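Trainee: Sharing a sequence plus its predicted fold:
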Amino acid sequence: MDHHRSTTSRDGAAPGCTPATAAPVRDFAHDPWIWRTFPSLRALACVVDLPTPVGDVSSEGSDAQLLAPLRAAAAEHLHIVRSQQHRPAESSLDSIKAWRAAFATTGVRPTQYRCAAESLLRRLRTHGDLPRLHPLVDLGNALSMRWAVPVAIIDLDRVQGCLRVTRAVGEEEHETFAGDIEHPEPGEVAYVDDAGHAHSRRWCWRQSGRSVISPATRRALVVAEALHERAEDDLGELAAALVEALGRVDVAAVPVMVSEAAPALALPAAGEVGGWS
């Protein structure tokens, strides 16, 4: 029997996470309820250490030289998306239809709240372009649109303890991009850390301003999730593209396919120095 579960246990650790009295280990994982309810789910995750950017990385004139190749890679993938004239409307893509069905299962109206990949593709179709953000986010958005699967990129140093994709209890705090605080609906799927911060709303509808990638970000968690029949193949191709792009800035990444059988990705301890210094 499934139970609506709290995101923290008595010892303060998220379900499945090492208790605070043991060695300080933290990880990223999906709640077992997620795996049971969505057995077709496939998820790719990896930690990316970034060099220290210089200046405003969203500005054309002050692009950090070390990260500029990421924006170039993003442009290449975006060009492929634009060149796919035969591609059906985003709502007809198998991957998007699978996410719409998942949202409906969790009680979310999929035409009111679209998964991140569908929103990006819709914006590209209606506006013709996307705003320039952090180069790593631009890359993630381009990969998300090319494979039509949501890609979350989270500032890992803004996550406290373990990070779970789980059902919210409704008391978690979600900081919007405007700085306002919202609370997920009870039972809503969200990315939640040990401190009760909701780093997403409605699973992969919207990320939190709290952990958005910024010029100060040194370490990011990249997560791509898919539920359609070709999910594993598509995520494998996306992983190869991500590794290739990061290799252009000499950043090594090892994407891991998390699953019900191997459900967790170990995360570096908070404050641990990454690969760049």
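Mentor: Received it, and whenever you're ready, just let me know what you need.
Trainee: use CA for all of it now, contacts and neighbours both
Mentor: Noted.
Trainee: Mind jotting down where the strands sit in the stretch 101-250 of the chain?
Mentor: Along the stretch 101-250 of the chain, counting by DSSP state E, counting those that start in this stretch, strands occupy 151-155, 163-167, 174-175, 181-182, 189-193, 200-201, 206-207, 219-226.
Trainee: Please convert the ones you listed to TSV, extending it with mean neighbour count, distance to residue 247 and mean pLDDT.
Mentor: Putting the strands of the stretch 101-250 of the chain into TSV (neighbours: other CA atoms under 10 Å; distance: least, CA to CA, whole Å; pLDDT from 0 to 100) gives the following:
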stretch	mean neighbour count	distance to residue 247	mean pLDDT
strand 151-155	25	17	97
strand 163-167	26	26	97
strand 174-175	23	32	97
strand 181-182	15	37	96
strand 189-193	27	28	98
strand 200-201	25	28	97
strand 206-207	22	26	94
strand 219-226	22	15	97
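Trainee: Give me the phi and psi for residue 195.
Mentor: When quoted as degrees, to the nearest 10, the phi and psi of residue 195 stand at phi -90, psi 0.
Trainee: Enumerate every residue touching it.
Mentor: If you count contacts by CA atoms under 8 Å, 6 or more residues apart in numbering, residue 195 has them with 160-161.
Trainee: Please repeat the previous calculation with a cut-off of 6 Å.
Mentor: Neighbour list for residue 195: residue 160 [criterion: CA atoms under 6 Å, 6 or more residues apart in numbering].
Trainee: pLDDT wise, what is it at?
Mentor: pLDDT, residue 195: 97.
Trainee: Equivalent analysis for the one 3 residues further on, please.
Mentor: Per-residue confidence at residue 198 stands at 98 (pLDDT).
Trainee: count of residues packed around it?
Mentor: Using other CA atoms under 10 Å, residue 198 has 32 other residues around it.
Trainee: if we can go back for a sec, to residue 96, which of the strands of the stretch 101-250 of the chain lies closest?
Mentor: Taking CA to CA, strand 219-226 is the member of the strands of the stretch 101-250 of the chain nearest to residue 96, at 8.9 Å.
Trainee: helices or strands up against the helix or strand hosting residue 81?
Mentor: Taking DSSP states H and E as the definition, one finds residue 81 inside helix 68-83. The contact analysis (3 or more CA pairs under 6 Å, 6 or more residues apart in numbering; DSSP states H and E) places helix 68-83 against helix 135-147.
Trainee: go with 7 Å
Mentor: If you count contacts as 3 or more CA pairs under 7 Å, 6 or more residues apart in numbering; DSSP states H and E, helix 68-83 packs onto helix 135-147, helix 231-247.
Trainee: Kindly format the C-alpha coordinates of stretch 39-53 as PDB.
Mentor: Extracted in PDB, the C-alpha atoms of stretch 39-53 (Å, rounded to 0.1, in the frame of the first residue of the first chain):
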ATOM      1  CA  PRO A  39       7.800   1.800 -14.300                       C
ATOM      2  CA  SER A  40       8.800   3.100 -17.700                       C
ATOM      3  CA  LEU A  41      10.700   6.000 -16.200                       C
ATOM      4  CA  ARG A  42      14.400   6.300 -17.100                       C
ATOM      5  CA  ALA A  43      16.600   9.000 -15.600                       C
ATOM      6  CA  LEU A  44      20.000  10.200 -16.400                       C
ATOM      7  CA  ALA A  45      22.000  12.100 -13.800                       C
ATOM      8  CA  CYS A  46      25.500  13.500 -13.500                       C
ATOM      9  CA  VAL A  47      27.500  16.100 -11.500                       C
ATOM     10  CA  VAL A  48      29.300  18.800 -13.400                       C
ATOM     11  CA  ASP A  49      32.100  20.900 -12.000                       C
ATOM     12  CA  LEU A  50      32.400  24.300 -13.700                       C
ATOM     13  CA  PRO A  51      35.200  26.700 -13.900                       C
ATOM     14  CA  THR A  52      34.700  30.100 -12.300                       C
ATOM     15  CA  PRO A  53      33.000  32.300 -14.900                       C
END
